[in-house]
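Q: Fold the following for me, if possible:
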Amino acid sequence: MASKTLAVNIARQACAGLRSPRPTSRTIARVAQPVRPIWRPRQPAIRIAGQRRALSSTSRTRFADVDGAFDPRQQDRESDEVDVCIVGGGPSGLSAAIRLKQLANEAGNDSFRVLLLEKSGELGDHIVSGNVIEPSALNELLPDWNAEDNPNRFEYTTPATADKMRFLTSTSSIPLPKPPQMNNHGNYIISLNQFIKWLGERAEEVGVEIYPGFAASEILYDHEGVVKGVATNDLGVSREGKPKDSFERGMEFHARVTLLGEGCHGSLTKQVIKKYDLRRDSQHQTYGLGIKEIWEIQPEKFQSGLVVHSLGYPLPSDTYGGGWMYHFGDNMVSVGLVVGLDYPNPWLAPYGEFQKMKQHPLYKDVLEGGKCISYGARTLIEGGFQSIPKCAFPGGALIGDTAGFVNLPKIKGTHTAMRSGMLAAEATWDALSTSSDGTVFLFDYEDKLRSSSIWSELKQVRNMRPSFHTPLGLYGGILYSGLEAYVFRGKTPWTLKHGKPDHAATKTADQCKKIEYPKPDGKISFDILTSVSRSGTNHEEDQPVHLQVKDWDRHAKMEWPKYKGVENRFCPAGVYEYIEDESKDVGVRFQINSQNCVHCKTCDIKDPSQDINWATPQGGEGPKYVLT
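A: Below is the predicted model of the structure:
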């Protein structure tokens, strides 16, 4: 079935390349974006030329239920058998794939199949990160990654040369001592978007099968409840759930081991955690929302390798978060703000706070006269050590950010994500090498994690983030974190607990002060739709809404009276609206502009009623980030 799988991949990618945005009055006005080819494996595309026609006749077969309504579940899906299926083409997924093929190739097992599914149309399109990378895991995985004599070295690195830490008031910038965890000596400022594209090429070289544009939407189980792989979502289904001329049934990928590396708050990960109760011995996860822009600044303001972090303004004292500014490449600056999603005030808008932050002299003096060229937003893990779930389950494991390995005080997660993928790969190879049948349970992966630097690193800083939940708030958290960094160093006999889950931390609108945000000036600060246009995001409108709310009217009745449109404010992409409508009981109509979605998943996390479920749209859709 391998050739059939690849044939469907090419057919889908060809269709994806023909799709064009169809904006409406409730979607963003798109700006011209540079056309880039869809990234795909090279050799497999050559091997299966001419086989698309045989599959297309099968995919057109349609079935109906007893009421005559179309039911795609009545149609068989094509399937493929592989040794290991990896969901997610980020640092953890690609590192796991590369390490597995390295081990297989060293053992002379060229037939060992490692397949990686990525929902974005091209590797890296959905990746957003700061990013100052600690290269320890990369040095282990690909020792010559930065060697001068390596023709395939990763060239887009800027060595970190200086660190600054500032506490901001509305007009001033107060120097703070730099915690030892934030020492960036030996680290590199990179674009994770560029890095993932490069890492994908290295994976392809060792024989990994990479399928971009494939959105894994369903976990498959065998008769014993063991994970046996994943299925991708159906294509060509209308907004009303009816088949279009382009309808194509999703595919099943069966594997002895399935590794989930979906990133923060993965949609399949949620299902697996719930089914196997993987959080039975851990605390709930907590999250932040990172909003980022890439600027090209005036050469005289550029300081190559400068790393700047800030606390305080513009965030209120009851809200955790901070800003950054990294100078990299040629006159490029990465600037962004992370807002902890346990903020209480429903009037607060993280996007609005970010625009305010850029007007502070610390940032404005650098950005003024420059040009914003890219925008992105993504949630990130903040729970740390006490929120790590069980990572192995029958038939697979969680790796990277989807498992929660971000070192928040260090502001690093790429190296831990990569290392977790490598550890899972080694445990998987050992398990499959010693057993040819039966259920695979990666006990060794759990053991490897606990004896790795990931575990010791996260345990040492476990009390810093939850210290901001003390009655002393921001200032108490800063003080306690300083003690942990310089005195306790993680050796305290206690482990602090997180506060309420992020959605439950939201107060009602009448309990909080309303926040009015200044009008954007169009030079340093921008309206939200202008920013979203810079993300390159696009979704075909005529498909089921992937931001799933069962009853929009019921949702408005639950949310509007209490929170007065919190969804509109926490979303960094203008997806949610409340529109005046006298025909509705609450006087407003709830509207979802799903084409604007940048896949940040804030809504799934922060919605107070937990009534929004983020699911995968058609493969290949969403943002098309550049340099993020």
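
Q: what about the helices in the stretch 301-450 of the chain?
A: Using DSSP state H, counting those that start in this stretch, the helices of the stretch 301-450 of the chain run over residues 350-358, 361-367, 414-434, 443-450.

Q: out of those, nearest to Lys624?
A: helix 350-358 (19.7 Å; C-beta to C-beta). Every C-beta, even on glycine, is put in place using the N, C-alpha and C of the backbone.

Q: Contacts made by whichever strand or helix holds Met165 with the rest, please.
A: Here Met165, judged by DSSP states H and E, is contained in strand 162-168. Applying C-beta atoms under 8 Å, 6 or more residues apart in numbering, the contact partners of strand 162-168 are 173-179, 182-184, 303, 305-314, 323, 360, 362.

Q: and with 10 Å instead?
A: Strand 162-168 has contacts (C-beta atoms under 10 Å, 6 or more residues apart in numbering) with 132, 172-179, 182-185, 187, 303-315, 322-323, 325, 327, 357, 360-363, 474-475, 478.

Q: before we move on, what about stretch 145-157?
A: With C-beta under 10 Å, 6+ apart, stretch 145-157 has contacts from 133, 135, 138-139, 142-144, 187-191, 193-195, 197-199, 201-202, 205, 328-329, 627.

Q: hmm, which of the residues you listed are the buried ones?
A: Neighbour counting over these (16 or more other C-beta atoms under 10 Å) leaves 133, 135, 138, 142, 187-191, 193-195, 197-199, 202, 328-329, 627 as the buried ones.

Q: Could you tell me how many residues sit around the closest residue to Ala431 other than its chain neighbours?
A: Nearest residue to Ala431, sequence neighbours excluded (C-beta to C-beta, 6 or more residues apart in numbering): Val440, at 5.1 Å. Val440 has 23 neighbouring residues, counting by other C-beta atoms under 10 Å.

Q: gap between Val440 and Leu115?
A: 16 Å (C-beta to C-beta, to the nearest Å).

Q: from the contacts of stretch 145-157, which ones fall inside strands?
A: Residues of these located in strands (DSSP state E): Ile133, Tyr188, Ile189, Phe328.

Q: Looking at those, which one is closest to Asp444?
A: Ranked by distance to Asp444 (C-beta to C-beta), these are led by Ile133 at 27.2 Å.

Q: give the contact list for the closest one.
A: Residues in contact with Ile133 (C-beta under 10 Å, 6+ apart) are 91, 157, 160, 184, 187-190, 192, 195, 412-415, 418.

Q: in the stretch 401-550 of the chain, which spans are strands?
A: 547-548 (DSSP state E, counting those that start in this stretch).

Q: Could you tell me the end-to-end distance of stretch 105-121?
A: Using C-alpha to C-alpha, to the nearest Å, one end of stretch 105-121 lies 28 Å from the other.

Q: Out of the helices of the stretch 301-450 of the chain, which is closest to Val461?
A: For Val461, the closest of those is helix 414-434, at 11.8 Å, according to C-beta to C-beta.

Q: Show me what the residue nearest to Gly130 when sequence neighbours are not counted bridges to in the sheet.
A: Counting by C-beta to C-beta, 6+ apart, Gly130 lies nearest to Trp324, which is 6.0 Å off, once chain neighbours are set aside. Judged by DSSP bridges, the bridge partners of Trp324 are His309, Gly336.

Q: next one: the one 4 residues further on
A: With DSSP bridges as the criterion, Phe328 is bridged to Met332.

Q: Tell me the spacing between it and Leu94.
A: 21 Å.

Q: go on, Gly88?
A: According to C-beta to C-beta, Gly88 stands 9 Å off from Leu94.

Q: can you check Leu259 too?
A: Applying C-beta to C-beta, the value for Leu259 to Leu94 is 11 Å.

Q: which residues do these two both contact?
A: Joint contacts of Leu259 and Leu94 (C-beta under 10 Å, 6+ apart) are Ile86, Gly88, Leu116, Gly400, Gly421.

Q: Find the residue at the geometric middle of the chain.
A: With distances taken as C-alpha atoms, centre = their mean, the residue of the chain nearest its centroid is Gly263 (4.5 Å).

Q: Apart from its neighbours in sequence, what residue is nearest it?
A: Closest residue to Gly263 apart from its sequence neighbours, by C-beta to C-beta, 6+ apart: Asp401 at 4.8 Å.

Q: is it true that that neighbour touches Cys264?
A: Yes: between Asp401 and Cys264 there is a contact under C-beta atoms under 10 Å: 4.9 Å.

Q: Which one's more surrounded, these two?
A: Legend: neighbour count by other C-beta under 10 Å for Asp401 and Cys264, higher for Asp401 (29 against 25).

Q: and Lys523, how many neighbours?
A: Neighbour count of Lys523, defined by other C-beta under 10 Å: 14.

Q: mind checking pLDDT for it?
A: The model reports Lys523 with a pLDDT of 98.

Q: One more: Ile273?
A: Listed pLDDT for Ile273 reads 98.

Q: Now it: which helix or strand?
A: Using DSSP H and E, Ile273 maps to helix 267-276.

Q: For that helix, which residues meet the burial criterion?
A: By neighbour count on 16+ other C-beta under 10 Å, the buried set for helix 267-276 is Ser267, Leu268, Thr269, Val272, Ile273, Tyr276.

Q: Can you tell me, leaving aside adjacent residues, what's nearest to Thr161?
A: Distance criterion C-beta to C-beta, 6+ apart; nearest residue to Thr161, sequence neighbours excluded, is Gly305 at 3.2 Å.

Q: now the helices for the stretch 151-300 of the chain?
A: 192-205, 267-276.

Q: With respect to Pro623, which of those helices lies nearest?
A: Nearest to Pro623, of all those, is helix 192-205, at 10.2 Å by C-beta to C-beta.

Q: just the angle between the closest one and helix 414-434, please?
A: Angle, helix 192-205 to helix 414-434, by axes from the mean of the first three to the mean of the last three C-alpha atoms, to 10 degrees: 20 degrees.

Q: Now Cys600. Nearest residue, chain neighbours left out?
A: In space, and not counting its chain neighbours, Cys600 is closest to Ala377: 4.5 Å by C-beta to C-beta, 6+ apart.

Q: Over to Ala392?
A: Leu442 (4.2 Å).

Q: Relative to Gly395, how far out is that neighbour?
A: Separation of Leu442 from Gly395 (C-beta to C-beta): 9 Å.

Q: list residues touching both of those two?
A: Jointly contacting Leu442 and Gly395 under the rule C-beta under 10 Å, 6+ apart are Val257.

Q: tell me the mean pLDDT for stretch 459-472?
A: Across stretch 459-472, pLDDT averages out at 86.

Q: again but with stretch 428-435, I slipped
A: Averaged across stretch 428-435, the pLDDT comes to 92.

Q: Can I get that stretch in PDB? Just the C-alpha atoms.
A: Presented in PDB, the C-alpha positions along stretch 428-435 are these (Å, rounded to 0.1, in the frame of the first residue of the first chain):
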ATOM      1  CA  THR A 428      11.100   2.600  20.300                       C
ATOM      2  CA  TRP A 429      14.000   1.000  18.400                       C
ATOM      3  CA  ASP A 430      14.900  -1.200  21.300                       C
ATOM      4  CA  ALA A 431      11.300  -2.300  21.800                       C
ATOM      5  CA  LEU A 432      10.700  -3.100  18.100                       C
ATOM      6  CA  SER A 433      14.100  -4.900  17.800                       C
ATOM      7  CA  THR A 434      13.300  -7.300  20.600                       C
ATOM      8  CA  SER A 435       9.700  -8.100  19.800                       C
END
